[in-house]
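> Quick one: sequence and predicted model below, then my questions.
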Amino acid sequence: MRAPRERLTVAQFCEEMGISRSTFYEWKAKGRAPRCRKLPNGELRIDRADIETWYDALEVAA
């Protein structure tokens, strides 16, 4: 049996990243936010795995 995926709300993601909701939606509009899923009620959810993949892709060489 697979473990359930952890899914964050936009508010949870913003709190974790230390950004405002407006910054998140700006990133999303520019295609710079992690992949999101839209629920039937219109709310967004972000899978933890997608956040980790997105965050790893932001790494820059020192």
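Structure's in. What do you need? Since we're looking at a predicted model, the values are computed, not measured. Residues are numbered from 1 along each chain as shown.

> Please count neighbours and contacts with C-alpha atoms only from this point.
Will do.

> Residues contacting the strand or helix carrying Glu26, please?
Assigned by DSSP states H and E, Glu26 belongs to helix 21-29. Contacting residues not belonging to helix 21-29 are listed as 10-11, 14, 33-34 [C-alpha atoms under 8 Å, 6 or more residues apart in numbering].

> switch the cut-off to 6 Å
Applying C-alpha atoms under 6 Å, 6 or more residues apart in numbering, the contact partners of helix 21-29 are Ala33.

> Partner strands of whichever helix or strand comes after that helix and their direction?
For helix 21-29, the following helix or strand on the C-terminal side (DSSP H and E) is strand 37-38. Paired neighbours of strand 37-38 in the sheet (DSSP bridges): strand 44-47 (antiparallel).

> mind checking how far Val10 is from Met1?
28 Å (C-alpha to C-alpha, to the nearest Å).

> Looking at these two now, which is surrounded by more residues?
Shown here are Val10 and Met1; by other C-alpha atoms under 10 Å, Val10 has more neighbours (18 against 3).

> per-residue confidence at the more buried one?
The predicted local distance difference test score for Val10 is 98.

> Quick check: it vs Thr23, distance?
As for Val10, its distance to Thr23 is 11 Å (criterion: C-alpha to C-alpha).

> How about Glu15?
12 Å.

> Tell me which residues touch Ile51, please.
Going by C-alpha under 6 Å, 6+ apart, Ile51 touches Pro34.

> and it, what element?
Element membership of Ile51 [criterion: DSSP H and E] is helix 48-57.
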